[in-house]
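S.K.: I would like the atomic coordinates for the input below:
(3 chains)
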Amino acid sequence: MAKDDDFAGRVLAWWDVHGRKDLPWQHPRTPYRVWVSEVMLQQTRANTVVPYFERFVAAFPTVHDLASADPDRVLHLWSGLGYYARARNLHEAARRLAARPATDAFPREVAGWMELPGVGRSTAGAVVAQAFGERASILDANVRRVLARHHRVEGSVASSSAQTELWRLAEHHTPTQRVADYTQAIMDLGATVCRSAKPICDACPVQDTCAAHATGEEAQFPHRSPRKSARRLERRRFFVITAGDLVLLEKRPANGVWGGLWSPPERREDEPLDECLPRLGVELATVAETTHAAPFRHGFSHYDLDVLPVYVHLTRLPAEVRDGASLRWARRDDALGLSAVAAKLIAPTEPTQRSLLETDP
DNA sequence: AAGGCGGGGGA
DNA sequence: TCCCCAGCCTT
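M.R.: As a prediction, the model looks like this:
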């Protein structure tokens, strides 16, 4: 595709009229805010991110505030957003950035950003382009779809050859002027016009040079991955152990689902309650009541989880409360660092919970 | 190269 | 239900 097609110019002209210009990370468009937003936007739609972003930057207005923050508070503000490794990486990256000399706290180049955990090529390009206006390219799902259609890029987007070609095209189309606006524009185009389902080709500024549209095969691009494995179902039992308005939380292993977050302790396979409680420092004699709450299903991208909560109410806290690195008692209405499901499990407003408290002598 | 990692929204 | 999303990291 020759430069004189002025792909970027047409996309920019479209964006000037139809693009999104009121997203919170655009005002003000500082490196810190752009970086935080781009990490939140990994695999997450903009509309979902907006309220999380606003809470996050209100709590941590600068990279220094974030660097010195309590890790559980960072995770707390991420709770519900998913992919929690992003939050841990963001926090670690903030610590590294804050340790740099003030004069170059934020890299101006893609390579500098890519050294930070949680920042890959696309996120680095987005930050550099939007925060500094330097010529840099992105290749997110929106851009990938626009380019795969426009140039009929064959092969699964996961394949190495397609990746190489898409990156080449992305960089080819990136203009030298108005790079920040172009970056936003090409993403807006993919999100609102060149949509995954039912693209609105008649509203597209580059329709007349789109190779897939020429043959009416927009829906065939980008090629889908060959197959996906059958959806599996898991069942997990959690013990929601409460004493008054306190609840016992266990730090989950760093790897796996909800890695590094806190949750009610999970029953190990076929582990009896009278073995589980001592492991948690709870005396069996203090158990006042156990209630099997209604199970619920939680969908993940690749499997479903059946959550079976068992509420265990204690008459008193253990004589010796271990407030260790992997076990802690927290106020049920003020617990930090939980996943969305864990927060739901301990929510004081949970109906099953109220009935439990009401039967408490 | 493939799989893991959340959760929500739309069709 | 199924698919997809402003990806990155590990193996």
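S.K.: which non-adjacent residue is nearest residue A:212?
M.R.: The shortest distance from residue A:212 to any non-neighbouring residue, by Cβ to Cβ, 6 or more residues apart in numbering, is to residue A:149 (4.1 Å). In short, each C-beta sits where N, CA and C put it, glycine included.
S.K.: quick one: that neighbour is in a helix?
M.R.: Yes - under DSSP: H, G, I helix; E, B strand; the rest coil, residue A:149 falls within a helix.
S.K.: just give me the neighbour total for it.
M.R.: Other residues lying near residue A:149 total 25 when counted by other Cβ atoms under 10 Å.
S.K.: distance check, it against DNA strand C.
M.R.: 11 Å (Cβ to the nearest atom of the strand, to the nearest Å).
S.K.: surely that residue touches residue A:222?
M.R.: Yes - counting by Cβ atoms under 8 Å, residue A:149 touches residue A:222, with 7.4 Å between them.
S.K.: measure the residue in the stretch 101-250 of chain A positioned nearest to DNA strand C to residue A:139 for me?
M.R.: In the stretch 101-250 of chain A, the residue that lies nearest DNA strand C is residue A:120 (2.5 Å; Cβ to the nearest atom of the strand). Distance, residue A:120 to residue A:139, using Cβ to Cβ, to the nearest Å: 10 Å.
S.K.: pull the distance from the helix or strand harbouring residue A:57 to the chain's centre.
M.R.: Using DSSP states H and E, residue A:57 sits in helix A:46-59. For helix A:46-59, the separation from the chain centroid amounts to 12 Å (computed by Cα atoms, centre = their mean, to the nearest Å).
S.K.: how about residues contacting the helix or strand just after that helix?
M.R.: Remark: after helix A:46-59, the chain's next helix or strand is helix A:63-67, criterion DSSP H and E. With contacts defined as Cβ atoms under 8 Å, 6 or more residues apart in numbering, helix A:63-67 is touched by A:32, A:59-60, A:74, A:90-91, A:94-95, A:97-99, A:105-106.
S.K.: now the stretch 101-250 of chain A, which segments are flagged as low pLDDT?
M.R.: A:226-229 (pLDDT under 70).
S.K.: enumerate the residues of it near DNA strand B.
M.R.: A:158-160, A:197-198, A:229 (Cβ under 7 Å from any atom of the strand).
S.K.: could you dump those residues to a markdown table with secondary structure, distance to residue A:334 and neighbour count?
M.R.: Output for these, formatted as a markdown table (DSSP: H, G, I helix; E, B strand; the rest coil; distance: Cβ to Cβ, whole Å; neighbours: other Cβ atoms under 10 Å):
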| residue | secondary structure | distance to residue A:334 | neighbour count |
| --- | --- | --- | --- |
| A:158 | coil | 42 | 12 |
| A:159 | coil | 48 | 15 |
| A:160 | helix | 48 | 9 |
| A:197 | coil | 41 | 5 |
| A:198 | coil | 45 | 8 |
| A:229 | coil | 40 | 7 |
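S.K.: for DNA strand B, see how far away the closest residue to residue A:263 other than its chain neighbours is.
M.R.: Closest residue in space to residue A:263, ignoring its immediate chain neighbours: residue A:342 at 3.8 Å, by Cβ to Cβ, 6+ apart. Separation of residue A:342 from DNA strand B (Cβ to the nearest atom of the strand) stands at 8 Å.
S.K.: same check, this time on residue A:340
M.R.: When residue A:340 is compared with DNA strand B (using Cβ to the nearest atom of the strand), they lie 3 Å apart.
S.K.: let me see the contact set for that residue.
M.R.: With Cβ under 8 Å, 6+ apart, residue A:340 has these contacts: A:79-80, A:82.
S.K.: show me which residues of chain A sit near DNA strand C.
M.R.: Chain A comes close to DNA strand C at residues A:20, A:23, A:37-38, A:41-46, A:83, A:85, A:89, A:117-124, A:126, A:140-142, A:145, A:184, A:187-188, A:190-191, A:196-197, A:224, A:228, A:231, A:299, A:301, as judged by Cβ under 7 Å from any atom of the strand.
S.K.: can you list contacts of stretch A:105-119?
M.R.: A:31-32, A:35, A:39, A:63, A:85-86, A:89-90, A:92-93, A:96-98, A:120-121, A:123-125, A:127-128, A:131-132, A:134, A:136.
S.K.: ramachandran angles for residue A:245?
M.R.: phi -100, psi 20 (degrees, to the nearest 10).
S.K.: surely it meets residue A:330?
M.R.: No - counting by Cβ under 8 Å, residue A:245 does not reach residue A:330; the two are 9.7 Å apart.
S.K.: who has more neighbours, those two?
M.R.: residue A:330 (18 against 12).
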